[in-house]
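Engineer: Coordinates for the following, if possible.
(chains A and B)
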Protein chains: 2
Amino acid sequence: MGLIAGRGLYPRIVARLARARGWRVVAVGFHSETDPALADEVDRFESIHLGELQKLVDVLRDGGVRDAVMAGKVLKTHLYDDPAALHPDARAIGVLAALRDRKDDSILGAVVDEIASEGIAFPPQTELLPELFGTAGLLGETAPDAAAWADVRFGWPAAKTIGGLDIGQSVVVKERAVIAVEAIEGTDAAIRRAGELAGPGCCLVKVAKPSQDPRFDLPTIGVETIKTLREARASTFAFEAGRTVVLEPAELAAAADADGIAVVGIGPDGPGEGPP
Amino acid sequence: MGLIAGRGLYPRIVARLARARGWRVVAVGFHSETDPALADEVDRFESIHLGELQKLVDVLRDGGVRDAVMAGKVLKTHLYDDPAALHPDARAIGVLAALRDRKDDSILGAVVDEIASEGIAFPPQTELLPELFGTAGLLGETAPDAAAWADVRFGWPAAKTIGGLDIGQSVVVKERAVIAVEAIEGTDAAIRRAGELAGPGCCLVKVAKPSQDPRFDLPTIGVETIKTLREARASTFAFEAGRTVVLEPAELAAAADADGIAVVGIGPDGPGEGPP
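Structural biologist: Purely as a prediction, here's the structure:
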């Protein structure tokens, strides 16, 4: 399996799960983006500069890769604030020149299509590695109380609507009022704002965008999210099971239980009546 | 005309417009909320404590009031953090005791119904004083450029959807991406956040909630909004004409023109194709 690896823990978790299935993992990372320790968890690791598209294709093809996965963000700001970090080769320049716009999805889509033209597929990660994705139900021992369930049921359709508008993935709810909506500031900033505005007991509801391309880096949750929820004295975290990457679920559940935070996966049809 | 007056400039503007029509204005304000200078702009002014509902009814009835208006916020936090500011009389206690919940609209609705039971009507302010509300088109001399119009057209349906969910009234857009969504933090905080996240050139789109009760204190815009937009180096402000109170439109237009900010009223059907 090919692994195009950006920042954070996500590429490492993908590598571990793939090797646990007995797959050979050929990884390409980026200087100043990818943790070089990833090399210890894969069968082959090459580090390239952002923009070396031909080299990326060569490594994957030479490694005999048929299916590949993108995991971990690469900061798009390099396109603007740090041109020196970019080493676009002729092939990358050709792809960039043909772009209609520079939205994340446009850039990633063009790169994926170019690599796919070499016979390397990008199957949906939900099909390739379903164990990456959380399942419905409680993640730890802590369960939402009746008031928190009411907030989850209240927030779910709002979060889905906002995701459908491609605005953001999260709403933070307290006492059946939306306290904060995430747009580009990110989930952590929205959690902190809600904590400051509404005090303890907030409920984070995070969903996948209906238009999320399952070939790309997907929304992830992990122990870091729990730290922010603890700081904001939130009570509950509901995420969309099956479409959200849950990094290190055991560690996440332990951290949440230690803080008395309920973490619950909700299926794509929403919480319905929800317990209790 | 009866005027139940809370904070800020809104009650004073209502009083001026009503007297310009030749109406007699009987105003009731609240200690520590209402600017006592309102007394100079009305025919009769009484200041009462929050909670003195019978006294409020008596002043309006004794003043021969048939139609009344609520204008200017009264901070609901007094219900929680400053019980000493409240002097609920028997009639107010009866109204509060019968409430299903303590949402703003529930409290105001119960108070209005109680006063209406004395034969005092609360007509929609849009019908009683249509000149309070902005009209469609440019407010000053500064017009949005093509990119800003594209952002207004992009943001309008998003703002309407979010208003329909009763989350908030505003979105801030730049380059056809929603940078910030207003929930309970208020419009000014959302503008500032967008300016920090996306830099200059943002576009504020503010709409009325579809469910806004036209008898109550209505969303207002004024020179203060322009100050915040200037601090965030925003370029454009689109508001919903006919359903937003525009306080001191001439001063607002002058301030916006001085800062090169385009202010445009949009009809309830949205910007359509919009100029140019």
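Engineer: hey, what's residue A:5 bridged with?
Structural biologist: residue A:29, residue A:71 (DSSP bridges).
Engineer: What residues does chain A have near chain B?
Structural biologist: A:157-158, A:161-162, A:165-168, A:171, A:177-185, A:193, A:197-198 (Cβ under 8 Å from any Cβ of the partner chain). From N, CA and C alone the C-beta is placed, and that goes for glycine too.
Engineer: How about the stretch 151-276 of chain A: which residue is closest to chain B?
Structural biologist: Nearest to chain B in the stretch 151-276 of chain A, going by Cβ to the nearest Cβ, is residue A:181, at a distance of 3.8 Å.
Engineer: That residue: neighbour count?
Structural biologist: 30 (other Cβ atoms under 10 Å in any protein chain shown).
Engineer: Only the buried members of the residues of chain A next to chain B: can you turn that into a ChimeraX selection?
Structural biologist: This is the ChimeraX syntax for the buried subset of the residues of chain A next to chain B, where burial follows 16 or more other Cβ atoms under 10 Å in any protein chain shown:
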select /A:158,161,162,165,167,168,171,178,179,180,181,182,183,184,185,193,197,198
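Engineer: For the stretch 151-276 of chain A, just list every one of the helices.
Structural biologist: Along the stretch 151-276 of chain A, the stretches classed as helices by DSSP state H, counting those that start in this stretch are A:187-198, A:223-231, A:249-259.
Engineer: how about those in CSV, adding mean pLDDT?
Structural biologist: Formatted as CSV, these follow (pLDDT from 0 to 100):
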stretch, mean pLDDT
helix A:187-198, 96
helix A:223-231, 96
helix A:249-259, 97
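Engineer: so can I have JSON lines of those helices showing distance to residue B:51?
Structural biologist: Compiled in JSON lines, those are given as follows (distance: least, Cβ to Cβ, whole Å):
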{"stretch": "helix A:187-198", "distance to residue B:51": "25"}
{"stretch": "helix A:223-231", "distance to residue B:51": "37"}
{"stretch": "helix A:249-259", "distance to residue B:51": "40"}
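Engineer: so what's residue A:230 closest to, chain neighbours aside?
Structural biologist: Spatially, and ignoring its direct neighbours in sequence, residue A:230 is nearest to residue A:259 (4.5 Å; Cβ to Cβ, 6 or more residues apart in numbering or on different chains).
Engineer: Go ahead and confirm that neighbour touches residue A:231.
Structural biologist: No. Counting by Cβ atoms under 8 Å, residue A:259 stays clear of residue A:231, with 9.9 Å between them.
Engineer: in stretch A:210-227, what's buried?
Structural biologist: Those would be A:212-213, A:215-222, A:224-226, for stretch A:210-227 by 16+ other Cβ under 10 Å.
Engineer: Ok, stretch A:188-200 next?
Structural biologist: A:188, A:189, A:190, A:191, A:192, A:193, A:194, A:195, A:197, A:198.
Engineer: contacting residues for the residue nearest to residue A:230?
Structural biologist: A:226, A:229, A:230 (Cβ atoms under 8 Å, 6 or more residues apart in numbering or on different chains).
Engineer: rerun at 10 Å
Structural biologist: Contacts for residue A:259 (Cβ atoms under 10 Å, 6 or more residues apart in numbering or on different chains) come out as A:140, A:142, A:226, A:227, A:229, A:230, A:231, A:233, A:234, A:235.
Engineer: would you say residue A:84 is within a helix?
Structural biologist: Yes. Under DSSP: H, G, I helix; E, B strand; the rest coil, residue A:84 sits within a helix.
Engineer: ok, so what distance separates it from residue A:97?
Structural biologist: 20 Å (Cβ to Cβ, to the nearest Å).
Engineer: Give me the contacts around stretch A:95-109.
Structural biologist: So stretch A:95-109 is in contact with A:4, A:51, A:53, A:70, A:73-74, A:76, A:79-80, A:86, A:88, A:110-111, A:113-115, A:122, A:166, A:211-213, A:215-217, B:175-177, going by Cβ under 10 Å, 6+ apart.
Engineer: at 8 Å what do you get?
Structural biologist: With Cβ under 8 Å, 6+ apart as the test, stretch A:95-109 has contacts from A:53, A:70, A:76, A:79, A:88, A:110, A:111, A:114, A:213, A:216, A:217.
Engineer: Would you mark the buried spots in that stretch?
Structural biologist: For stretch A:95-109, by 16+ other Cβ under 10 Å, it's A:95, A:96, A:107, A:108.
Engineer: cool, and stretch A:235-250?
Structural biologist: A:235-249.
Engineer: Which members of the residues you listed occur in strands, if any?
Structural biologist: Counting by DSSP state E, the buried residues of stretch A:235-250 place A:236, A:237, A:238, A:239, A:240, A:245, A:246 in strands.
Engineer: Now pLDDT too, for the residues you listed, in TSV please.
Structural biologist: Conversion of these to TSV gives the following (pLDDT from 0 to 100):
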residue	pLDDT
A:236	98
A:237	98
A:238	98
A:239	96
A:240	95
A:245	93
A:246	94
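Engineer: Farthest-apart pair in those, please.
Structural biologist: A:236 and A:245 (20.0 Å; Cβ to Cβ).
Engineer: Run through the strands of the stretch 101-250 of chain A in chain order.
Structural biologist: Listed in chain order, the strands of the stretch 101-250 of chain A (DSSP state E, counting those that start in this stretch) span A:137-138, A:170-174, A:177-181, A:203-206, A:220-221, A:236-240, A:245-246.
Engineer: for residue A:188, what are its contacts?
Structural biologist: Counting by Cβ under 8 Å, 6+ apart, residue A:188 makes contact with A:224, A:225, A:228.
Engineer: ok, of the contacts of residue A:259, which come out buried?
Structural biologist: Buried among the contacts of residue A:259 (16+ other Cβ under 10 Å): A:140, A:142, A:226, A:229, A:230, A:234, A:235.
Engineer: how many other residues sit next to residue A:56?
Structural biologist: Neighbours around residue A:56, by other Cβ under 10 Å: 24.
Engineer: same thing with residue A:6?
Structural biologist: Residues near residue A:6, counting by other Cβ under 10 Å: 19.
Engineer: so what's the backbone phi/psi at it?
Structural biologist: The phi/psi pair for residue A:6 (degrees, to the nearest 10) reads phi -100, psi -140.
Engineer: Same check on residue A:47?
Structural biologist: Dihedral pair for residue A:47: phi -110, psi 130, per degrees, to the nearest 10.
Engineer: Distance of it relative to chain B?
Structural biologist: According to Cβ to the nearest Cβ, to the nearest Å, residue A:47 and chain B sit 31 Å apart.
Engineer: What residues does the nearest residue to that residue once chain neighbours are set aside make contact with?
Structural biologist: Once flanking residues are discounted, residue A:47 sits nearest to residue A:29: 4.9 Å by Cβ to Cβ, 6+ apart. Residue A:29 is in contact with A:5, A:11, A:35, A:36, A:38, A:45, A:46, A:47, A:48, counting by Cβ under 8 Å, 6+ apart.
Engineer: Residue A:59 and residue A:46 touch, don't they?
Structural biologist: Yes. Using Cβ under 8 Å, residue A:59 is in contact with residue A:46, at 4.7 Å.
Engineer: what residues are up against the spatially most central residue of chain A?
Structural biologist: Note on chain A: the residue nearest the mean C-alpha position is residue A:219, at 2.5 Å, using Cα atoms, centre = their mean. Counting by Cβ under 8 Å, 6+ apart, residue A:219 touches A:169, A:206, A:208, A:209, A:212, A:243, A:244, A:245.
Engineer: Pull the most distant pair out of the residues you listed.
Structural biologist: Pairwise distances among the contacts of residue A:219 were taken by Cβ to Cβ; the largest, 13.8 Å, belongs to A:209 and A:245.
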